[in-house]
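Peer 1: Below: sequence and its predicted model.
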Amino acid sequence: MRWVPPGVGRGRDVTRRVARLPGACVGSVVATRATARGRRMRVYVRWSGVDTTARATVVAGRWMGPAVARNRAKRRLRAALAATAPPRGLDVVAVAAEGAGSADFGDLVDELGLLLRRAAARAGRSA
């Protein structure tokens, strides 16, 4: 087992701002067609109707390359979602595009925030 410095979680943020979206809900979020596309990702959203923590999942297809590249892109998008803190009651599906694994993290956070606002407006409520 690897040594982890004190105060650092093992892959989990103690103050979780975004909960995991169950796999059964991903299809219904994508089916709402409230989407926004950027250079490094596409974001689908749906208002859950419940004022709880935002739920999200990140997807990266095999076309992105080997598992190492896909996992890196997903890990970076999850961190960007946590940094963006989507509004309560929002279900988010972020689909990684080419360049999501190698882009500057600040650019990822900025683009994700913009796409979340656009998609949320299309879903019927502003973010």
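Peer 2: Perfect, I can see it now. These numbers come from a predicted model, not from an experiment.
Peer 1: Go through stretch 102-113 and flag the buried ones.
Peer 2: Neighbour counts over stretch 102-113 (16 or more other C-beta atoms under 10 Å) mark A103, L108, V109, E111, L112, G113 as buried. All C-beta atoms are positioned from the backbone trio N, CA, C, and that covers glycine.
Peer 1: Do you know the pLDDT at the residue nearest to V59 when sequence neighbours are not counted?
Peer 2: Among residues not flanking V59 along the chain, V95 sits closest, at 4.9 Å (C-beta to C-beta, 6 or more residues apart in numbering). You'll see V95 listed with a pLDDT of 94.
Peer 1: Doesn't V95 belong to a strand?
Peer 2: Yes - with DSSP: H, G, I helix; E, B strand; the rest coil as the criterion, V95 is part of a strand.
Peer 1: Could you identify the pair within the buried residues of stretch 102-113 that is furthest apart?
Peer 2: Farthest apart among these by C-beta to C-beta are A103 and G113. That separation is 14.2 Å.
Peer 1: How far does stretch 47-60 sit from its chain's centre?
Peer 2: Using C-alpha atoms, centre = their mean, to the nearest Å, the mean C-alpha position of stretch 47-60 is found 9 Å from that of the whole chain.
Peer 1: just checking, A96 touches A60?
Peer 2: Yes - with contacts counted by C-beta atoms under 8 Å, A96 reaches A60, the gap being 4.1 Å.
Peer 1: Which residues are in contact with each of those two?
Peer 2: Residues touching both A96 and A60 (C-beta atoms under 8 Å, 6 or more residues apart in numbering): R70, A73, K74.
Peer 1: Cool, thanks, signing off.
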